[in-house]
Structures are given as structure tokens and as C-alpha cells.
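# Starting from these lines, generate the structure:
(chains A, B, C and D)
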Protein chains: 2
Amino acid sequence: MIRIVVADDEEMIRTAIVSLLAMEDDLEVVAQADNGSDAVSLVRQHQPEVVLLDLEMPPTDGIEAATQVLSSVPDTRAVLMTRHARPGVLRRAMAAGITGFVPKSTSVSRLAEVLRDVAASRRYVDPELAAQALNADACPLTDRELDALRLTRTHASVQQIAETLHLAEGTVRNYLSSAMAKTQSESRHAAAEVAWQQGWI
Amino acid sequence: MIRIVVADDEEMIRTAIVSLLAMEDDLEVVAQADNGSDAVSLVRQHQPEVVLLDLEMPPTDGIEAATQVLSSVPDTRAVLMTRHARPGVLRRAMAAGITGFVPKSTSVSRLAEVLRDVAASRRYVDPELAAQALNADACPLTDRELDALRLTRTHASVQQIAETLHLAEGTVRNYLSSAMAKTQSESRHAAAEVAWQQGWI
DNA sequence: CGATTCCGATGACATATGTCACCGGCCCCC
DNA sequence: GGGGGCCGGTGACATATGTCATCGGAATCG
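Got it, this is the predicted structure:
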């Protein structure tokens, strides 16, 4: 019996997945959470073979939850689900040590197969996603540029960004300007959008 | 037997919902689609009692699909599902003539009950959503302000907005400034975000 | 070692954006 | 007819944003 913890913030999809997985003879959902941090403590408590994590969860997202899970319960395999399969995210997820990666365009029956694979310590990455990730341009942005773009996405002003990052305003403007050049964007907001779409932030 | 057409662009949730609804004795999913326009033609073809539509679907969203469905097959009842329950959206959905409205924080078993209600021509609106909609402030923005905010969301510059709307730049800045005041935002981007969150655009 | 390259950082400068006061025209409604 | 609100518009002004030249330090490479 493969024991599983499921975390997804959307009730409808989580309950649906759980009900359908429960019908599989060899799978057992031992706990479910609607956020990342609860998922982490549930995994610690239940020590399941596999934890299934949604990527988009406030406040702790799937990758962060996976990182915490794997550092404290290294025997558990993590599978990440995502709605928008942005290329760069896969790279970060792999770096975090996840074993499986599926888009939400997968059917639940297929998901069950993936969970079995992963429980048997086989890696699984959705082929289309993998292809995208291989074709994806490496992120041309520096860490600081990414910092500034992340904050730009929250509608912070340059001044606020500078304070948060402990930099001079001019410096921040430089990073943003450079990021805009690299992403061929006309404004820092557009650049942040591009970086997000690409999965760089 | 209640016959249903289901439309949702996310495979995982759609297949999950369909499988679970199929287990109910009195419900039958006769067709499913992953976009709004397919949903419309499937409804025309199958004439189901109920059509279950996701709100967020590219390119034709749920409200638009519902409008088209109800004008061509008026006997069909439409139920809308949404991930982010923005208050203003409910108003627009009701105006489009939908009979049921549920957030995706609903469980599938609850959804089945709603579908039965709706098939019996009873309206159903998620209580929390309804409360939000009643408490929601009416949109304080003028049409022109909304135009400018819509374009702001595409990261257009003030100049580009002015060209698109055939206005002077100063005028556009005025609308945006006024919108920012009304939404208590610090920038036009933040104002556009607020308007979006509120379901005003 | 020296040359080169890249990142982080700064300040000066030009442009874009937001604020304010104000105007005339139009429409609706008391 | 006289308000009041929305619309389109202008100009002046303050501030925010984006561009550029430049610098120091760390890493890389010949």
C-alpha cells in the first residue's frame, strides 16, 4: 500500500483527486492539506511514501514546501502539480529535489500511475514539460535583477524596492533597466511579467 | 436522469469532476469540453438539462459561453464555477442569466447537490459569495477610467493608452489619477489590480 | 601577473507619470 | 432654467522612472 499526503488549496480539485485516488487498491491518502505549511507537518507526522503538492499555494508554495519536507523527511518522495507549466519552474523544482512533476492537464488515472512510479523511486517528469524546459532559454537575469522584478510584481515603487533590498534607488533603477533590456520590455512591469511567464521568478 | 455538459480547461479537474459525477445515480455527463466555444456547440447538440462551466477559460470565458448557450438553448440551466471568487463577477454572471454559481472551494459531492437543485430550476448561489457580492461596493469608476485601467493591465504606457482610446495623454493621466484616488492606490498598476480583484474589469 | 569580464553600485540627466486647478460641452434631472 | 455629473481637454508642476557613463571588486583566463 502506497501512503500519500495530498496538498492543494482548491477544495474541489483536492477532494476530487483524493476520492479518485482512494479508489485505487494500492493507494491510500492518509492526510490532506490546503496549504504548504500544513502539508509539511502532516508529512512529518505520517511519514508517507509520497507527498503530492500543488505548486500554486499561498502562502507557502509547493517548491518551498517540498524543500522543507525533503530536508526533514528525506525518504518521502515529492510530486509537484502545476496549472501553468512555466518552463523555468521545472528547473527550480528539480533543484529542490522533487521526484515527479505533472501539469494539471494530466488525468487523475495517469496521476495514479505517476504516484506508483515515484513510490518505486522512479523519477517522472511530464514529457511535454521536459521538452519545454530543455528548449527554454536559460535565465539571463542576475540575482539582484530578479529580486527587483519580484518586488515589482507586488506593485512596489522603486523607492520601496530600494529600501527592501537595502540599495540606492539609482541602483534599483539600473537593475530594472538592465532587466528590461534583457527581456526586451518597455517597462519594469512588463519585464516582471515576462520573467514570471518564463518561470524565472 | 439529469444530463450534463461539463466545460473546464484543466484536464485534471475536469476528468476528476466527471468521474465523480458519473458515480451519482441520477447524473449523467453526456459531453465535456476544454473551452467555451466547444461547450456551446456541445450544448446545442446534446440539449442537456444543465451545463457546468468554468469561469476562467481561454479564449471564451464562462460568462460569455453562458450567454451564447442561453440565447440558443434557453431551456438549459447554466452553472458557473470559479477559482477566484471576485465579488463583481457574480453580478455579471447573474446578468448573463446563469442559474447556479459555485466557487471551486466547493466539494464535488456538494456540487452534485447544486446540479440537482439547478436542474429543478432552483437558483443556487454560494452563500459566502452572495454575502460578498452584497457587501461589495458598487464600482465607483467611470467607463473611461475602466478603459484606461484595462489597458494599464496590459502594461501599456500612458501614451499608448491615449492613442488606443483616441484621447490626449493628459486626459488619460487624469482618468488614471482619479481611478487611483478612488481605489486608494499608489500607482495606476495597483489601481488596475484592485479593479480586477473587485471584478470591475 | 595583467587583461578582461561581469556583477553590484552610484549619481547625473532626460523622460514618463501623477497631481492639481481649471475650462467648455453635453446630458440628465430637479 | 439652473445645478450636477461625466466627458474631453489644457497647462504647470512635482515626483517617479528609465538611461547612461562610470567606478570598484571579484572571478576568470591567458
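# Isn't residue A:112 up against residue A:21?
Yes: using C-beta atoms under 8 Å, residue A:112 is in contact with residue A:21, at 6.1 Å. (Each C-beta comes from the backbone N, C-alpha and C, glycine too.)
# for the residue of chain A positioned farthest from its centre, phi and psi?
In chain A, the residue that sits farthest from the middle, by C-alpha atoms, centre = their mean, is residue A:170; the gap is 32.3 Å. Dihedral pair for residue A:170: phi -60, psi -40, per degrees, to the nearest 10.
# Show me the domain layout of chain A.
Chain A resolves into domains spanning A:2-134, A:143-197 when parsed by automatic domain parsing.
# and the end-to-end length of the first one?
Translated: domain A:2-134. Chord length of domain A:2-134, first to last residue, is 31 Å (C-alpha to C-alpha, to the nearest Å).
# Does chain B have contacts with it?
Yes: interface with chain B: domain A:2-134 contributes A:10-13, A:15-17, A:19-20, A:81, A:83, A:104-109, A:111 (C-beta under 8 Å from any C-beta of the partner chain).
# Helix, strand, or coil at the residue in chain A that chain B sits nearest to?
Nearest to chain B, among the residues of chain A, is residue A:16, at 3.4 Å (C-beta to the nearest C-beta). At residue A:16 the chain is in helix, as set by DSSP: H, G, I helix; E, B strand; the rest coil.
# Verify the stated contact: residue A:27 with residue A:2.
Yes: Residue A:27 is within contact range of residue A:2, at 5.2 Å (criterion: C-beta under 8 Å).
# which regions of chain A sit below the pLDDT cut-off?
Scanning chain A for pLDDT under 70 picks out A:136-137.
# in it, which spans are helices?
Taking DSSP state H as the test, the helices found in chain A are A:11-22, A:36-46, A:62-72, A:87-96, A:108-119, A:127-135, A:143-152, A:158-165, A:169-183, A:188-197.
# Spell out which residues are contacts of both of residue A:112 and residue A:21.
Jointly contacting residue A:112 and residue A:21 under the rule C-beta atoms under 8 Å, 6 or more residues apart in numbering or on different chains are residue A:27.
# returning to what we had before: narrow the residues of domain A:2-134 next to chain B to those that are buried.
Listed as buried from the residues of domain A:2-134 next to chain B are A:10-13, A:15-17, A:19-20, A:81, A:83, A:104-108, A:111; burial here means 16 or more other C-beta atoms under 10 Å in any protein chain shown.
# Okay, residue A:94 and residue A:45: tell me how far apart.
Distance of residue A:94 to residue A:45, given as C-beta to C-beta, to the nearest Å: 27 Å.
# for the closest residue to residue A:24 other than its chain neighbours, what are its contacts?
Using C-beta to C-beta, 6 or more residues apart in numbering or on different chains and skipping residues adjacent in sequence, the residue nearest residue A:24 is residue A:112, 5.1 Å away. By C-beta under 8 Å, 6+ apart, the contact set of residue A:112 is A:20-21, A:24, A:27.
# Looking at these, which is nearest DNA strand C?
DNA strand C lies nearest to residue A:21 out of the contacts of residue A:112, by C-beta to the nearest atom of the strand, at 43.4 Å.
# Surely the closest one and residue A:27 touch.
Yes: contact criterion C-beta under 8 Å: residue A:21 and residue A:27 qualify, at 5.0 Å.
# Which neighbours do these two have in common?
Taking C-beta under 8 Å, 6+ apart as the contact rule, the neighbours common to residue A:21 and residue A:27 are A:4, A:112, A:115.
# returning to what we had before: ok, and the closest non-adjacent residue to the residue of chain A closest to chain B?
Among residues not flanking residue A:16 along the chain, residue B:16 sits closest, at 3.4 Å (C-beta to C-beta, 6+ apart).
# Assess the claim that the one you found and residue A:20 are in contact.
Yes: counting by C-beta under 8 Å, residue A:20 is a contact partner of residue B:16 at 5.8 Å.
# what do the two both touch?
Counting by C-beta under 8 Å, 6+ apart, the common neighbours of residue B:16 and residue A:20 are residue A:108.
# Show me which residues of chain A sit near DNA strand D.
With C-beta under 7 Å from any atom of the strand as the criterion, chain A meets DNA strand D at residues A:157-159, A:169-170, A:173-174, A:176-177, A:180-181, A:187-189.
# partners of residue A:82 in the sheet?
On the basis of DSSP bridges, residue A:82 is bridged to residue A:103.
# My guess is it contacts residue A:92. True?
No: assessed by C-beta under 8 Å, residue A:82 is found out of contact with residue A:92, at 11.3 Å.
# who has more neighbours, those two?
Higher neighbour count among residue A:82 and residue A:92: residue A:82, with 24 against 18, using other C-beta atoms under 10 Å in any protein chain shown.
# distance of that one from residue B:187?
According to C-beta to C-beta, residue A:82 stands 30 Å off from residue B:187.
# How many residues are close by residue A:61?
By other C-beta under 10 Å, the residues close to residue A:61 number 18.
# what does stretch A:59-67 contact?
In contact with stretch A:59-67 (C-beta under 8 Å, 6+ apart) are residues A:7, A:35-37, A:39-40, A:51, A:53-57, A:68, A:78, A:80-82, A:89, A:92-93, A:96-98.
# hmm, I was thinking of stretch A:182-193
Stretch A:182-193 is contacted from outside by A:140-141, A:145, A:148-150, A:152-153, A:158, A:176, A:179-180, A:194-195, A:201, B:155, B:157, B:189, using C-beta under 8 Å, 6+ apart.
# One more pass at 6 Å, please.
Surrounding stretch A:182-193, the residues in contact under the criterion C-beta atoms under 6 Å, 6 or more residues apart in numbering or on different chains are A:140, A:149, A:152-153, A:176, A:179-180, A:194, B:155, B:189.
# Just the buried ones from these?
Buried among the contacts of stretch A:182-193 by 16+ other C-beta under 10 Å: A:149, A:152, A:176, A:179-180, A:194, B:155, B:189.
# Near the residue lying closest to residue A:129 once chain neighbours are set aside, how many other residues are there?
Residue nearest to residue A:129 in three dimensions, not counting chain neighbours: residue A:85, with 5.1 Å by C-beta to C-beta, 6+ apart. Residues lying near residue A:85 (other C-beta under 10 Å) number 19.
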